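Asks: Generate a structure from the sequence data that follows.
(2 chains)
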Amino acid sequence: MNRLRHILPFALFAVAIVAAQLCMRVTETEYYLTQLTMSLYYAIVVMGLCLLMGHAGQVSLGHGAFFAIGGYTSAVLTTHDFTRISSAVWPGWLEPAHLFVAKQDLYGGQTMTVSPWAAFLVAMVATFLVACLIGYPALRLRGHYLAMATLGFGLIVNKLVLASAIAGAADGINGVPEWTLGFGLVVSGKSTARVQNYYIACGLVLLLLLLLRNLVRSRVGRALAAIHDREIAANAMGIDTAAYKLKTFVLSAMLAATAGVFFTHYTGGIGPSEAGALKSVRYVALAAAGGMGSLWGVTGISTALNYFSLRGWFGSYDNAVFGVILILIISLAPAGPLQPLGHWLRRLLSRLFQGGRRPHGAA
Amino acid sequence: MDHGNLALQYFLSGITKGSIYAVVAIGFNLIYSATGVLNFAQGEFVMLGGMVAVTLAHFAPLPAAVTGAVVTVALAGCLLEVLFFRRLRHHSVLHLIIITIGLSIVIQEAALHLWDEKVRSLPYFTGNEVSSIRFFGAAISPQVLWVLGTVAVTVVLLHVFLRYTLPGRAMRACSSNPEAAMLVGINIPNMRTLSFGLSAALGALAGCVISPITMTHYEMGAPLAIKGFAAAILGGLGNPMAAVLGGLLVGVLESFSVSRLPAAYNDAAAFVVLLLVLFVRPHGLFGSPTGESVREH
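Replies: Predicted coordinates for the structure are as follows:
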């Protein structure tokens, strides 16, 4: 019974995913899946923030920057021509490792670019290093000072991207190749691969949700909860608060970068606005609207809201509607919309089975 | 123009921008002290002040338009507090901050639809675009003197208000110990409303005096809020006078970085310095480490 309760949300989510796709197939609106896929990738960033803010209690207004670091690293590596470097530095016996991919460009010339998998690994390592570098001093700061430091970091990354020619300055990078994951799976924006990519994104989200849920329910999660509630008390109990905070920060940064890499391969490009302060603030706002610590609420709300704005449902009022929804959710349901919904469902159920069964205890 | 004069010119432009950041940072501090909330809609007050004044200036003489704008925006600030923060005071600080972000988005969009996306400005208070005063070899617009003068007078008046008048001292009492303030009969919710009104009024005044120089645009609020926040943090939260120094410092850094670095890096330099300062002094230049952890919970 207990195990069933743990599996139930995942099963429901999987059913909802398939149902959404089938509905769109029946109504011949499968092109909606494109935006849904993009918003699922954005949701991964917010999931990372959920871990950092909701569980460890640390604010980061710089996660757009990590998304951009991931996306830009892989975009630069997979589009830039490395012919000279690859033949000069890499000896021939490294060829079977598939670090580089040879391609013909538009004019028939031979170009060498880094293979997407290698680029992904480089992006992860780069994010890891940057996150450690910025997180180590920043996490000594508290509350609003930490928020400012991460916001400043995000702005600096944004300016660096805008000012460097290799990142395409204000234009960003286009023409990022597709990413062959293996097992016949390809991350690409082609319309023929739309359904497949939707399921890739869903699979990734499900996998990360499972991992994060297990992390939160482990010893690490309890340590984070202690830090969240009272850092000084947690420290006194023997929890290495500094190490836990840094690890959580790095992990959530790497989640954001992963989302960035997938997103870049999926849309075939990335622009400097991804690193903007507005994006970072938006991620934090979505995490807050989803209930901060509730992984399901955060994933659901951020997917839904991002999807609506990517589809342009509210037209020129998009930002205004986002602001109003944000204010409404946070003032009416500060613990996220799922909790009141759950209460309401439980009340409804207990009314339906009145007298027949005692209602369950606290979930 | 020789090197020294050029430096003076950059310095003057830096403290002009910086004084506006300082006013925004003071607004952050006033509200933070009274409620513990960082109000990211602070930049929108500046934008609204400019917008309302420009509109009023069509019907009324300039001083009346500026006064009208300041009063209107101050009332709007009070209204926000009464409508949202008074009702939601049991929410956590982070939730309230997110609400201010939401409000800032909504106010910005409302301004877009109420006015339009055009850039507008008030007329120069004295002289016009081309009039300038020589100052040790640097040329300054008379409007710069208006900005600096207004900000200086406002800061002095605010200091006097907070230190020597009964309402001002009541406000400070609220921020240093809310329970004790309540026990001696201070109406804390009203003090919070007052802090919102006061920082909205300050923001609106800044929006009016800067309007002839930087123009008024519906999108100007968010960047100002970020810079003002940076200034408040640099000075140390909870100290309005340190915020003035923080603001001037951010402005001067920004304007000198334009002279040394490529224009694309203009904001980056100020933030790099800010990060370095924070890593060395985690509570800002003049902030004190005490009190912070109490307010967090």
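Asks: Over to residue A:186. Which of the three states is it?
Replies: Secondary structure, DSSP: H, G, I helix; E, B strand; the rest coil: residue A:186 is strand.
Asks: Contact partners for it?
Replies: For residue A:186, the contact set (C-beta atoms under 8 Å, 6 or more residues apart in numbering or on different chains) comprises A:178-180, A:193, A:196-197. To be clear about C-beta, it is placed using only N, CA and C from the backbone, and glycine gets the same treatment.
Asks: Check residue B:35 too.
Replies: Going by C-beta under 8 Å, 6+ apart, residue B:35 touches B:85, B:96, B:192, B:195.
Asks: which one of these sits closest to chain A?
Replies: Closest approach to chain A among the contacts of residue B:35 (C-beta to the nearest C-beta): residue B:96, at 8.5 Å.
Asks: Using JSON lines, lay out the contacts of residue B:35 together with pLDDT and distance to residue A:209.
Replies: As requested, those are exported to JSON lines (pLDDT from 0 to 100; distance: C-beta to C-beta, whole Å):
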{"residue": "B:85", "pLDDT": "85", "distance to residue A:209": "34"}
{"residue": "B:96", "pLDDT": "86", "distance to residue A:209": "29"}
{"residue": "B:192", "pLDDT": "88", "distance to residue A:209": "40"}
{"residue": "B:195", "pLDDT": "90", "distance to residue A:209": "42"}
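Asks: Please identify which two of those residues are farthest apart in space.
Replies: Among the contacts of residue B:35, the pair separated by the greatest distance (C-beta to C-beta) is B:96 and B:195, at 13.5 Å.
Asks: Settle it for me: which of those two has more neighbours?
Replies: Using other C-beta atoms under 10 Å in any protein chain shown as the criterion, residue B:96 and residue B:195 rank with residue B:195 on top: 26 against 21.
Asks: dump the residue contacts of that one.
Replies: Contact analysis of residue B:195 by C-beta under 8 Å, 6+ apart lists B:30-31, B:33-35, B:81, B:171.
Asks: what's the helix or strand for it?
Replies: helix B:188-214 (DSSP states H and E).
Asks: I'd like to know how far residue A:234 sits from residue A:179.
Replies: Distance of residue A:234 to residue A:179, computed by C-beta to C-beta, to the nearest Å: 40 Å.
Asks: What of residue A:154?
Replies: Using C-beta to C-beta, we find residue A:154 at a distance of 26 Å from residue A:179.
Asks: neighbour-wise, which of those two wins?
Replies: residue A:154 (28 against 22).
Asks: Can you pull the phi/psi pair for the more buried one?
Replies: When read as degrees, to the nearest 10, the backbone of residue A:154 gives phi -60, psi -40.
Asks: what residues are up against the residue lying closest to it once chain neighbours are set aside?
Replies: Once flanking residues are discounted, residue A:154 sits nearest to residue A:62: 3.7 Å by C-beta to C-beta, 6 or more residues apart in numbering or on different chains. Neighbouring residues of residue A:62 by C-beta under 8 Å, 6+ apart: A:134, A:150-154, A:157, A:280.
Asks: any idea where the strands of the stretch 51-200 of chain B begin and end?
Replies: Assignment of strands within the stretch 51-200 of chain B using DSSP state E, counting those that start in this stretch yields the ranges B:133-135, B:138-140.
Asks: neighbouring contacts of stretch A:292-302?
Replies: Outside stretch A:292-302, the residues that touch it by C-beta under 8 Å, 6+ apart are A:9, A:13, A:39, A:42-43, A:46-47, A:49-50, A:53-55, A:205, A:209, A:212-213, A:216, A:283, A:286-287, A:289-291, A:329, A:335-339, B:94.
Asks: separation between the closest residue to chain A within the stretch 151-297 of chain B and residue A:158?
Replies: Nearest residue of the stretch 151-297 of chain B to chain A (C-beta to the nearest C-beta) works out as residue B:264 at 3.4 Å. According to C-beta to C-beta, residue B:264 and residue A:158 sit 10 Å apart.
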